[in-house]
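Enquirer: just need the structure, nothing else, for what follows:
(one chain, ligands or ions: 1)
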Amino acid sequence: MTDRPTPDYTTSMRSIRCGDLRADDIGTEATLCGWVDSVREHGEHLAFVDLRDRSGVVQVVVDGGHELRSEFVLQVTGTVRARPEDTANESLATGMVEVAAADVTILARSEPPPFPIDDRTDVDEVLRLRHRYVDLRRARLQRNLEVRAAVNSAVRGAMEEQGFIEVETPMLIASTPEGARDFVVPSRKEPGSFYALPQSPQIFKQLCMVGGVDRYYQIARCLRDEDLRADRQFEFMQLDAEASFVDQDDVLGFISHAVGAAVEAVTGERPGEFPRMTWLEAQERFGSDKPDTRFGLELVELTEVFAATEFRAFQAPCVKGIRVPGGAEVSRNRLDELTEQCKQWGAKGLVWMRVEAEGLNSPVVKFLADDEMDALRTAMGAEDGDLLFLVADERRRARHVLGLLRLALGRPLVTEGGLNFLWVVDFPLFEGFDEAGNPIPAHHPFTMPHEEDLGLLEAGELLEVRSQAYDLVVNGWELGSGSVRIHRREVQEMVFATLGIGAEEAQSKFGFLLDAFRFGAPPHAGFAFGMDRLVAILAGEENIREVIAFPKTQSGADPLTGAPTTIDDHHLDELGLRVLPPKQ
Ligand code: ASP
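Expert: Next up is the predicted model:
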């Protein structure tokens, strides 16, 4: 992490931290405080203790008779000396020195810890979370929390440098429009009424714009009651920002600067300008709206190649393929597995072909004309030893399946391939239709349609309408999204109507926003990105739980505090609530 002036860690109880001792300190007296990482007894009279604090460990030599155990908290005073030549440990920052203890005070005793505190042991997650205070003592988690703090601080600094001011928005609100399920809080004063916890500060930040705060930001806690996955928690932090009198380019500039500062704070290097790609190009080339551009295996368009084919399976609106250079060695078993996978992802099937000197080797070659095979090889740039995969289907589905297949074939680990940031722009306004036939907003209902596509919106060609929405993607993770907002009441009403939200419903759900727009709403746009994900990537962690001090398990429980818990009848009465028996 970038250098800052080193704070003075001296307190009334210690003179220096364990991990800060170096050869320069040899000959000085030090008072240390920390936890016993390990004890190695040497006969009756001598013990080697690794003493640990946030900064690391140092070896302390104590005479016998102290009865020290793992995780006891000690204060040790002694002389720093060089370790005997043959016992120096170069892999440890303090490995050249040890402290010869003259005085050892046990500040606190510890029961045997529930698991060893090192980064090598694989411990059951529930056990880790139940004793998170012990888990947090691991070097890896200490480092992750430091990375997190550095990212928070860099992002704040970068936003403030650009004239944004931090505004706090409320936690107890009416529903928000992010499209997930709300967490709700019952009202005691008005039994039967509920507050929602914010899925994001979206509406408030737009109200801030109407309120003349022309550059708002907040590192905001957001809550969404959704099924958890590795990269999701019920509550998460996002850098939330909004600005007035700006367009998309301005916002991308602000956010790139903040993300760049965060990267620099952790890696010491500022990333170059983030490239841009339209949503359509991302879908066509990578089969995803969050392409992982660290590796190739791009999707190749083949629809024309098979335009006149006799092969029924390829008589589809779209044929696309992926070429795996040198992949022909792959076993038949693996090919069957991948085929099965693709079916689960929604494809009718997966065609594979090995490229060999004699020609293409595949169960389907007998159905293909020679010129088709030639054209296929040319289109894909196929060479001997390659493996080709083809999917024929509706265009959206073909892209989707091949996009997933591409990841399964080539996605690097989180720690590999550097950081590939990418802006994906020109998202569609709607991503499809719900069961009632109403379009589903791809972002949220306040997103401004592309000016050029307003005609399409009026004409009802909904899936063709592009929006002024954009995502920031890094290494195939969606880091965040934003959009230029609708600030004109009539456009907002038209979008609501298209979404099947009638005037009355719109007024009851978002009336306060629509009302605000009657009093001079400036053009505005904004963005939000997930701090947890950014920190995880920068810390080299796959799972965001590793970068959150007190996360929940995959099932949303907190093994440490026992949340969620029941509440007593008296409390329920006060809230006017009754709990139904569990559903059968
Ligand atoms: N509120 C949006 C979200 O949380 C981000 C934005 O549009 O600013 O995803």
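Enquirer: can you give the contact residues for the strand ranked longest in the chain?
Expert: Looking only at the chain and at elements set by DSSP state E, the strand with the highest residue count is strand 29-42. Residues outside strand 29-42 that contact it (Cβ atoms under 8 Å, 6 or more residues apart in numbering) are 13-18, 21, 47-53, 57-58, 60, 64, 68-80, 99, 107, 110, 117, 137. C-beta: built from backbone N, CA, C; applies to glycine.
Enquirer: now the longest helix belonging to the chain: buried residues?
Expert: Scanning the chain for the helix with the most residues, using DSSP state H, yields helix 139-161. Buried positions in helix 139-161, judged by neighbour count with 16 or more other Cβ atoms under 10 Å: 139, 141-145, 147-148, 150-152, 154-156, 158-159.
Enquirer: next, the angle from it to strand 29-42.
Expert: Here helix 139-161 points in a direction 150 degrees away from that of strand 29-42 (axes from the mean of the first three to the mean of the last three Cα atoms, to 10 degrees).
Enquirer: so what does the following helix or strand past helix 139-161 touch, helix or strand wise?
Expert: Following helix 139-161 in sequence order, the next helix or strand is strand 165-166 (DSSP states H and E). Secondary-structure packing of strand 165-166 (3 or more Cβ pairs under 8 Å, 6 or more residues apart in numbering; DSSP states H and E): helix 139-161, strand 215-223.
Enquirer: and of these, who's closest to the ligand?
Expert: Between the ligand and these, the shortest separation by Cβ to the nearest ligand atom is 6.4 Å, and it involves strand 215-223.
Enquirer: partner strands of the following helix or strand past the closest one, with direction?
Expert: Heading C-terminal from strand 215-223, the first helix or strand you meet, by DSSP H and E, is strand 235-244. Counting by DSSP bridges, the strands paired with strand 235-244 are strand 215-223 (antiparallel), strand 524-530 (antiparallel).
Enquirer: the last one near the ligand anywhere?
Expert: Okay, so that is strand 524-530. Yes. Applying Cβ under 6 Å from any ligand atom, one finds strand 524-530 touching the ligand at 526-528.
Enquirer: how about those in a markdown table, adding neighbour count?
Expert: A markdown table is the format used below for the residues of strand 524-530 next to the ligand (neighbours: other Cβ atoms under 10 Å):
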| residue | neighbour count |
| --- | --- |
| 526 | 27 |
| 527 | 25 |
| 528 | 25 |
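Enquirer: which residues of the stretch 101-250 of the chain score low on pLDDT?
Expert: Scanning the stretch 101-250 of the chain for pLDDT under 70 picks out the ranges 177, 230.
Enquirer: those residues of it touching the ligand, which are they?
Expert: So the stretch 101-250 of the chain meets the ligand at 178, 200, 202 (Cβ under 6 Å from any ligand atom).
Enquirer: now the last one, nearest residue through space, not along the chain?
Expert: Translated: residue 202. Distance criterion Cβ to Cβ, 6 or more residues apart in numbering; nearest residue to residue 202, sequence neighbours excluded, is residue 176 at 5.8 Å.
Enquirer: quick check: residue 384 vs residue 321, distance?
Expert: Separation of residue 384 from residue 321 (Cβ to Cβ, to the nearest Å) stands at 17 Å.
Enquirer: the more surrounded of the two?
Expert: residue 321 (23 against 11; other Cβ atoms under 10 Å).
Enquirer: pick the most deeply packed of the strands paired with strand 235-244.
Expert: For these, the stretch with the most neighbours on average is strand 524-530, a mean of 25; neighbours defined as mean count of other Cβ atoms under 10 Å.
Enquirer: give me the low-pLDDT residue ranges for the chain?
Expert: Residues of the chain that meet the criterion pLDDT under 70 lie in 1-4, 177, 230.
Enquirer: which bits of it sit near the ligand?
Expert: Within the chain, the positions adjacent to the ligand are 178, 200, 202, 481-483, 526-528 by Cβ under 6 Å from any ligand atom.
Enquirer: ok so, going back, any chance of a markdown table for the residues of the stretch 101-250 of the chain next to the ligand, columns secondary structure?
Expert: What follows is these, written out as a markdown table (DSSP: H, G, I helix; E, B strand; the rest coil):
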| residue | secondary structure |
| --- | --- |
| 178 | coil |
| 200 | coil |
| 202 | helix |
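Enquirer: neighbour-wise, which one of these leads?
Expert: Neighbour counts for those peak at residue 202, which has 23 neighbours (criterion: other Cβ under 10 Å).
Enquirer: ranges for the strands of the stretch 1-150 of the chain?
Expert: 29-42, 46-53, 56-63, 73-82, 97-108 (DSSP state E, counting those that start in this stretch).
Enquirer: in CSV: these, plus mean neighbour count.
Expert: Formatted as CSV, the entries for the strands of the stretch 1-150 of the chain read as follows, by neighbours: other Cβ under 10 Å:
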stretch, mean neighbour count
strand 29-42, 18
strand 46-53, 21
strand 56-63, 22
strand 73-82, 18
strand 97-108, 17
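Enquirer: hey, where'd the strands end up in the stretch 201-350 of the chain?
Expert: Taking DSSP E, counting those that start in this stretch as the test, the strands found in the stretch 201-350 of the chain are 215-223, 235-244, 276-278, 299-301, 318-324.
Enquirer: wait, doesn't residue 299 sit right on residue 288?
Expert: No. Because the distance of 9.6 Å does not satisfy Cβ atoms under 8 Å, residue 299 is recorded as not touching residue 288.
Enquirer: common neighbours of the two, please.
Expert: Taking Cβ under 8 Å, 6+ apart as the criterion, residue 299 and residue 288 both touch residue 403.
Enquirer: can you mark which positions in the one helix or strand residue 507 maps to are buried?
Expert: Secondary-structure assignment from DSSP H and E places residue 507 in helix 503-516. Within helix 503-516, the residues that qualify as buried by neighbour count (16+ other Cβ under 10 Å) are 506, 509-510, 513-514, 516.
Enquirer: can you list contacts of it?
Expert: With Cβ under 8 Å, 6+ apart as the contact definition, helix 503-516 has outside contacts at 174-175, 177, 203, 206-207, 210, 445-446, 489, 492-493, 496-497, 501.
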